[in-house]
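S.K.: sequence and predicted model, in that order:
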Amino acid sequence: QVQLAESGGGLVQPRGSLRLSCAASGSIFSINAMDWYRQAPGKQRELVEHISIDGITKYKDSVEGRFTIPRDNAKNTVYLQMNSLKPEDTAVYYCYANLVPSGSRLSRGYWGQGTQITVSS
């Protein structure tokens, strides 16, 4: 069984920094891509950052230059490094992985449990 475990959320002041981590564990054959999404109150869930198996990244326009998505392939872990945080970054952040479970030929998506980020003074 595959699980995504997130950590690192909390309260941070504007212009501060925070780093989230997402570790995929279980019976995994390969990981195609890992993403970070966020959902603010009353809004739809939106893609924040994406990194593919070959290291290609995509960013939401409003976070480019402030957020990065480092990864540790050996640990099946991806991070969300958030700098220069703004109040509008407040949301629940979710990790998502598109991967192939062991014993399967097909990829499928898995979600983390979500972690709250609040940017406020």
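M.R.: Okay, I see it.
S.K.: all strands for this structure, in order.
M.R.: 3-7, 10-12, 18-25, 28-39, 46-52, 57-59, 67-68, 71-72, 77-82, 91-101, 108-111, 115-119 (DSSP state E).
S.K.: measure the residue positioned nearest the centre of the chain to V12 for me?
M.R.: Computing the C-alpha centroid of the chain and ranking residues by Cα atoms, centre = their mean puts W36 first, at 2.8 Å. According to Cβ to Cβ, to the nearest Å, W36 stands 16 Å off from V12. (Glycine included, C-beta is placed from N, CA and C.)
S.K.: now the residue sitting furthest away from the middle of the chain: how far from S17?
M.R.: Most distant from the centre of the chain: G103, at 25.5 Å, with distances by Cα atoms, centre = their mean. The gap separating G103 from S17 is 40 Å, by Cβ to Cβ.
S.K.: can you check I51 too?
M.R.: For I51, the distance to S17 - Cβ to Cβ - is 19 Å.
S.K.: perfect, I'm done here.
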